[in-house]
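> I would like to see how this sequence folds:
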Amino acid sequence: MSSEWKPLTLLNGRTATSEDLAPLAFAGHAHFTAMQVRDHQIRGLDLHLARLRAASLALYGQAISDEQVCTQLRQVCTLSPGHFSLMAYVYSASGEFTPTENNAQLSLLLRTAPPHNGPQGPLALKSFEYERILPQFKHVGEIGKTYWMRQAVADGFDDAVFIDRLGRYSEASIWNLAFWDGEAVIWPQAPVLPGTTMGIVRRQLDKLGIPQREQELTLVDITHLNGSVVMNSWTPAVPVRQIDTVSFPTSQPFLDILHQAYQNEPLIAP
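Take a look at the predicted model:
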């Protein structure tokens, strides 16, 4: 990556100052979405907008309009090279530790970084019992994800994977999980974040006619499966070679199907 790369941080359409950002340091009441921009276009733009809208309504009782979000996305695109990573955060001036939301104006903070395609894998994951608060929303302040990921690395693994109190696999630290039985894509049935890449892949698999299903998966269940991957905004498929003591073969057909589904999703300009 060129040393000339300069990240941008825009707040409500203008360059954020240190005075703007200082109150946000270590603040934990906000939500966000992460995306990869390619040629100033985004896959699954509708999913990102829906994610921001739904979380805002749930947390603040109001939402920034899709039109306003897209206006600011276009602005950051005009100021950035064609390919980059983008994080879009929404928060309220009410801040945290207040008893009620006072309908204060919502703010949109956009932050760019170099483009990313994720690790190559295959990854070894270690299981921990952990359930995220409000797992349906992508929100900040999740110390547990980093803590358990670092515990996994200290134990010789690449990352953490989570099981809930019922022993069901849900998701990994910053990833959705998917499995393969040789014919169908299997999504863990447990409280998870509905990832945008996961949403893209699922609707494109439907168009390709690839079978898929949701299923409760325990350690016993995954021992009978033929492949596993993790996915997030970086990539639709990083192969997983191991979860705890269970090993998985790298199934090239599985990887190819997921990548094809992702590539079939059109890039859309905001």
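
> I'd say Lys145 and Val161 touch.
No. The criterion here is CB atoms under 8 Å, and Lys145 misses it with Val161 at 11.2 Å. Backbone N, C-alpha and C define where each C-beta goes, glycine included.

> pLDDT score assigned to the closest residue to Ser80 other than its chain neighbours?
Among residues not flanking Ser80 along the chain, Thr112 sits closest, at 5.5 Å (CB to CB, 6 or more residues apart in numbering). The model reports Thr112 with a pLDDT of 97.

> what's around Thr112, how many residues?
Here the count is done by other CB atoms under 10 Å, and Thr112 has 21 residues near it.

> Likewise for Pro266?
Pro266: 10 neighbours (other CB under 10 Å).

> Check Asn103 too.
Neighbours of Asn103 under the rule other CB under 10 Å: 12.

> Kindly report the same for Leu47.
21.

> What segments of this structure are helices?
Applying DSSP state H to the chain gives helices spanning 18-21, 45-60, 66-78, 143-154, 196-208, 219-222, 252-264.

> Leu106: which of those is closest?
helix 45-60 (6.2 Å; CB to CB).

> Give the residue spans of the stretch 1-150 of the chain that score low on pLDDT.
Where the stretch 1-150 of the chain drops to pLDDT under 70, the residues are 1-4.

> Apply 90 and report the result again.
For the stretch 1-150 of the chain, residues meeting the criterion pLDDT under 90 lie at 1-6, 23, 25-28, 93-104, 141.

> And the strands in it, which stretches?
9-11, 14-15, 31-38, 41-43, 84-92, 106-113, 123-129 (DSSP state E, counting those that start in this stretch).

> What residues sit buried inside the fourth one?
Counting neighbours by 16 or more other CB atoms under 10 Å, one finds that the buried residues in strand 41-43 are 42-43.

> Around the closest residue to Arg241 other than its chain neighbours, how many other residues sit close by?
Closest residue to Arg241 apart from its sequence neighbours, by CB to CB, 6+ apart: Pro122 at 3.6 Å. Residues near Pro122, counting by other CB under 10 Å, number 17.

> just Arg165 next, same as before
By other CB under 10 Å, neighbour count at Arg165 equals 8.

> where does it land on pLDDT?
So Arg165 comes in at 96 (pLDDT).

> mind listing what it touches?
Taking CB atoms under 8 Å, 6 or more residues apart in numbering, we find Arg165 in contact with 129, 131.

> who are the neighbours in contact with the residue nearest to Pro115 when sequence neighbours are not counted?
Of all residues not flanking Pro115 in the chain, His83 sits nearest, at 4.3 Å (CB to CB, 6+ apart). Shown in contact with His83 (CB under 8 Å, 6+ apart): 36-39, 115.
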